[in-house]
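Student: Below is the structure, and that's it, no one-letter string:
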């Protein structure tokens, strides 16, 4: 791997964190985060990094004893660590949940760039659109008739909102997202770049000339609070009723959610998975990468659908599904283990047939 | 499922259909659609809904006897129904094809928003581009040299058309689509948001330094009349000849059609399916979701390729293919059924071996 | 297939190549390319085409004897061919690598449209962005604070570059790409339309309310020289360290590369494949279409992962993997062959059991 040795000339030798970090004294950080500090309150940290990449003034974290060796050979002088973990001579912010508190610290040490409130002059906003004065509408955005944008919501450049779209407070809509079909987004919704919400569903009826004619869609997409959707994913509008994404659900990149699906609260849908029309995911369902679910199915609460699995039947709550076509996890593993022994089994059966004198066996 | 109880404060309590519906007397509607009316010609309907969600003044539909119970407990007072279906006390528009006629009615009851003809002042249009005066070019569109736009075609905001692109009449190109490579679109083509037509194909030849060098692409994408393509799907330009999508074909979201493919007329390609370079789909082929077809293959007319299937060999016309790697439908089902009995089979063979005295069997 | 007979009226009867070709004398072409010419140096060629579609004045190529019959029945009067191939009465540019030299010729015969240097007045460029005077920034682009664009790089319309993004020399960034997270692109990088670089990764930690809270991302995406990425593909930024795409790697359409992945040099990733977080591909790895690789895995140098394969374990260098779940190529083929014999095997075992007098066998 010569990759690392061939950085282009423009590459900075330090991480983004160093460049933009605010610099905090550990004592101030411990007070702000409500964490106990063991060590030097005057030590200043000015960024975050992994155990492998950290320099002396960057904060790291260690989740537990498994990280101990890497921590002790790491250059960082400050760490977020569980109460009982040996951190050597380092200063430690003690935490019952080091990952969470490390990322809370990271938000302070490497703050998001400030976004100016107001509407950029190059944005095109319909006369009757209502944009909260604390919201930010960047260059090249287009907002249709009747659009409503809540407080502190940020639209990055090139976002297109069709007529009637309503977006709540504290949302971040990244560059080049499209929201159509008078869809409604709750508060703290994050759309990564290129997301399309409210495209027409893939529903057709036979046309008089023997071809296909699109159904006429009047439904919207309804997206709950704290939903996040990954880059270039698509969520189609409902045909009659709405397509619904429940509060707290997180969706990765290049995911397809078809018309009239109902995705429950706190579901997790990993990259390139797809859900066909009118399917319901109850709360807490996990679809792993590249999984597919057929239309008009119901996936029970907290069920887990494995990577590349193909679901064509309802899935009971709390179960784990693998394979295409779908099987219960235990059945799938048993079948795959058996399949690996099948070539040998063919030979063994041939042996039995020969022993019986079946000279004509294949 | 607490989803429905947690609608954000901004959520409207009624459907989009209610908000924008035009309101029609049933008598007028029956005359306009050419359907026989049984019931009250003065009853006014002002929207469409599913049987579950309908209010009294919304039109519903019932395809046949299977819908009877849901229809009879539904609040709607007007229904599109087959001639012989019991509709209770409701007024009925009688139809031999209730789905189709219901959506015809829906187009009247919930019309698409009016689009103003003309070019938005923020659009950037090359001097020699020809835009029909009845066409609409929205804010932020960019039209390259020699672009031609036919009558009544609508370009939503942010569409980018590279030099030489030609689009026919009555097309709808949704927000942020890109059409490149001097591609040609027929009439009544619909591109959902984010579609990319005419990107360079994934073709490389060995370069002199041992790496890969892209082939030089001179082909276009040619898209027939009445083709519809779903959000964020991609169709690559041909290398030498063109990539072709036949008349009437419907393509769902996040589908990949590679360079030099020929997709026949009236094909249906469901979400996240992909077709590798130079493959031909004859007319009426159906690719279900997440299916993949290798390059330089031919899928015969009216063949059906199942969800997540992996096609690496030609498929004869009219056949049904499942599985990855591909198998004929009947073979696939037989093999999957046999696989589910394989763990038990292993035990049975062991039993036979033991009975034979094979103490050393595994 | 009626497709070809139904071209819309606007369709040109000739290929794009004819329209824009520059016209070259064969003698000049042979000198420019450094190839030996057998035939008429004054013959003028004005485009390129496949053997099937070529007219008399278009250049074709034939890789070897397998192309001889098609070449001899082709209308073209000039061909790029290996030294020993019979080309009939045609003029031949003799080449040891006809594909490569044909596409070198194609670049001269059908040159890319000229792009004007400079920043389009409708582009929105931050005061402190540095755009090389020889670079081209098209209509509707938005460049954030501190952006740097190298010599001769072309940004097509609607590209959005977030704060701090650095792009090298001779890159082509197609319409509507988004590059975020202060990502760094080397020289000669090509992004097809709709690519998203630097979206937030799909990483979450448990939040205090029991839901999920996104990790705070400070990493970038680092893209080496000569990398090309297909339409609507997505590459997420790193959480702490960077996501890295090595020099010379080619990525097709609709591919997902998750946060903190390291993709080595000269890898090939075909359409709709996906790589989960923190996985490393060493140099020269090939992932075929719709393959998926789990997170935190390592794929050894020059390994090949087959179409739709599902990789959940490390892959040794130089090996070939098929199937989901993954198996070595030889094992996969053996198992699939055995599976096809399984229904018959069930019958044979039943026969053995009957012969033994097992009347109660299933």
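Tutor: Nice, I can see it. These figures come from a predicted structure and were not determined experimentally. Numbers count the residues shown, from 1 in each chain, chains lettered A, B, ... in the order given.
Student: so residue A:341 touches residue B:347, yeah?
Tutor: No. Residue A:341 lies out of contact with residue B:347 (C-beta atoms under 8 Å); the separation is 11.5 Å. C-beta here means a position set from N, CA and C on the backbone, and glycine is covered the same way.
Student: higher neighbour count, the two?
Tutor: residue A:341 (17 against 10; other C-beta atoms under 10 Å in any protein chain shown).
Student: Next, the buried residues of stretch A:51-59.
Tutor: Residues A:51, A:53, A:54, A:55, A:57, A:58, A:59 are the ones in stretch A:51-59 that count as buried (16 or more other C-beta atoms under 10 Å in any protein chain shown).
Student: And for stretch A:102-110?
Tutor: Result for stretch A:102-110 [16+ other C-beta under 10 Å]: buried residues A:102, A:103, A:104, A:105, A:106, A:108, A:109, A:110.
Student: ok, now how distant is residue A:266 from chain B?
Tutor: 10 Å (C-beta to the nearest C-beta, to the nearest Å).
Student: Could you say which helix or strand holds the residue lying closest to that residue once chain neighbours are set aside?
Tutor: Leaving out its chain neighbours, the residue that sits closest to residue A:266 by C-beta to C-beta, 6 or more residues apart in numbering or on different chains is residue A:248, at 4.3 Å. Residue A:248 is located outside every helix and strand, with elements delineated by DSSP states H and E.
Student: and residue A:248, what is it in contact with?
Tutor: Residues in contact with residue A:248 (C-beta atoms under 8 Å, 6 or more residues apart in numbering or on different chains) are A:224, A:225, A:226, A:227, A:265, A:266, C:211, C:212.
Student: ok, the spatially most central residue of chain A - contacts?
Tutor: For chain A, the residue nearest the mean C-alpha position is residue A:252 (3.6 Å; C-alpha atoms, centre = their mean). When contacts are counted by C-beta under 8 Å, 6+ apart, residue A:252 touches A:230, A:233, A:269, A:270, A:271, A:272, A:273, A:289, C:202, C:256.
Student: let's see it at 10 Å
Tutor: Residue A:252 makes contact with A:192, A:228-231, A:233, A:268-273, A:287-289, C:199, C:201-202, C:234, C:236, C:256, C:258, C:274, C:276-277, according to C-beta atoms under 10 Å, 6 or more residues apart in numbering or on different chains.
Student: which among those are in contact with chain B?
Tutor: By C-beta under 10 Å from any C-beta of the partner chain, the members of the contacts of residue A:252 lying near chain B are A:231, A:233, A:272, A:273.
Student: what ranges of chain A fall below the confidence cut-off?
Tutor: Applying pLDDT under 70 to chain A flags the ranges A:1-22, A:358-362.
Student: per the record, what domains does it have?
Tutor: What automatic domain parsing lists as the domains of chain A is A:23-109, A:177-325.
Student: deepest of those, which one?
Tutor: Of all those, domain A:177-325 has the most neighbours on average by mean count of other C-beta atoms under 10 Å in any protein chain shown, namely a mean of 24.
Student: Could you tell me the end-to-end distance of it?
Tutor: Terminal residues of domain A:177-325 are spaced 34 Å apart (C-alpha to C-alpha, to the nearest Å).
Student: same deal with stretch A:128-142?
Tutor: Using C-alpha to C-alpha, the end-to-end distance of stretch A:128-142 comes out at 13 Å.
Student: got it, and stretch A:259-267?
Tutor: End-to-end distance for stretch A:259-267: 18 Å, by C-alpha to C-alpha.
Student: for that stretch, the distance to its chain's centre please.
Tutor: Distance of stretch A:259-267 from the chain centroid (C-alpha atoms, centre = their mean, to the nearest Å) equals 14 Å.
Student: ok, now stretch A:211-230?
Tutor: Here stretch A:211-230 is found 19 Å from its chain centre; the criterion is C-alpha atoms, centre = their mean.
Student: try stretch A:154-167
Tutor: Stretch A:154-167 sits 21 Å away from the centroid of its parent chain (C-alpha atoms, centre = their mean).
Student: For it, which residues meet the burial criterion?
Tutor: Neighbour-count burial for stretch A:154-167, with 16+ other C-beta under 10 Å as criterion, is recorded at A:154-167.
Student: residue ranges of the helices in chain A, please?
Tutor: All helices of chain A, identified by DSSP state H, fall at A:16-20, A:26-33, A:68-72, A:98-109, A:329-340, A:342-355.
Student: Indicate which one of those helices is closest to residue C:183.
Tutor: Closest approach to residue C:183 among the helices of chain A (C-beta to C-beta): helix A:16-20, 9.3 Å.
Student: Verify the stated contact: residue A:193 with residue A:155.
Tutor: No. Contact between residue A:193 and residue A:155 fails when scored by C-beta atoms under 10 Å: they sit 11.8 Å apart.
Student: shared neighbours of those two, anything?
Tutor: Taking C-beta under 10 Å, 6+ apart as the criterion, residue A:193 and residue A:155 both touch A:173, A:174, A:175, A:177.
Student: Can you tell me which of the residues you listed is nearest chain B?
Tutor: The nearest member of those to chain B, counting by C-beta to the nearest C-beta, is residue A:177 at 8.7 Å.
Student: Now do the contacts for that closest one.
Tutor: Applying C-beta under 10 Å, 6+ apart, the residues near residue A:177 are A:141, A:155-156, A:158-161, A:191-197, A:229, A:231-233, B:175-176, B:193-194, C:178.
Student: what residues are up against the residue nearest to residue A:203 when sequence neighbours are not counted?
Tutor: Counting by C-beta to C-beta, 6+ apart, residue A:215 is the residue found nearest to residue A:203 once chain neighbours are left out, at 4.2 Å. Contact analysis of residue A:215 by C-beta under 10 Å, 6+ apart lists A:200-205, A:239-240, A:259, B:99-100, B:102-103, B:106-107.
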